[in-house]
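Enquirer: below: sequence and its predicted model.
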Amino acid sequence: MRYFLDTRDGRRLEVSVEERGAGRFRVRCSGREFEADFADVDYLGQYALALDARSFAVSIEPAAGGELLVRIAGESFALKALDEREHAAGAVGRKAAAAGETVLAPIPGVVIGVRVRPGERVPPGAAVAVVEAMKMQNEIAAAHGGVVLQVLVQVGQTVAPNQPLVVLAPAADAQDAAGA
């Protein structure tokens, strides 16, 4: 399995890990290859690592912003780690964001609020509309964000599942068009 580690100083490390048996691994990183034994000591983030016949105590803890705080040999590193599946999914998400976004109604209901207007910049995760279904108000959010090209619904309108509500252009494309 391949892992992608992003450091706070902007470096990206690609690490390949091949399991060789219970707790035994072959690790490749930055053109180097290591034999490693790795054992969970307490199931609370403390590990024992033997790397090419050298032993280390390792602590791995979750930190703010989805980072991992790794302490080894008296040094601390803050990393964001993705396995190859997460990395590939992120690439698909970045590609989708670059292509723009159409926000769809996830459920049938009645539009009781429209939170955006054409030309408005919308951050990822921001609500663009509110749909009421079965007396519950559901905020519908943009996954990737961008600039509103079209609002396709109005308050009081009934919508079906997967009906388009708002069309967004990628923020960079909207800036390019505005500058032209």
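Expert: Everything's here; your move.
Enquirer: alpha carbons only for contacts and neighbour counts from here, please
Expert: Fine.
Enquirer: quick one, domains of the chain?
Expert: Following automatic domain parsing, one gets these domains for the chain: 2-88, 100-179.
Enquirer: what stretches of the chain score poorly on pLDDT?
Expert: Within the chain, the stretches with pLDDT under 70 are 87, 89-99, 172-180.
Enquirer: hmm, 80 instead?
Expert: 63-66, 86-100, 171-180 (pLDDT under 80).
Enquirer: all helices of it, in order?
Expert: Taking DSSP state H, the helices of the chain run over residues 84-98, 171-179.
Enquirer: contacts for stretch 141-160?
Expert: 97, 100-101, 103, 105, 107-114, 116-129, 164-171, 174 (Cα atoms under 8 Å, 6 or more residues apart in numbering).
Enquirer: just the buried ones from those?
Expert: 97, 100-101, 103, 105, 107-114, 116, 121-122, 126-129, 164-171, 174 (16 or more other Cα atoms under 10 Å).
Enquirer: run a quick neighbour tally on Trp75.
Expert: You called it Trp, but residue 75 is Glu. By the criterion of other Cα atoms under 10 Å, Glu75 has 7 neighbours.
Enquirer: quickly list what it is bridged to.
Expert: Ile72 (DSSP bridges).
Enquirer: now the one 5 residues further on
Expert: With DSSP bridges as the criterion, the beta-bridge partners of Lys80 are Asp6.
Enquirer: test my guess that it contacts Ala64.
Expert: No - look at Lys80 against Ala64 with Cα atoms under 8 Å: they stay out of range, at 10.3 Å.
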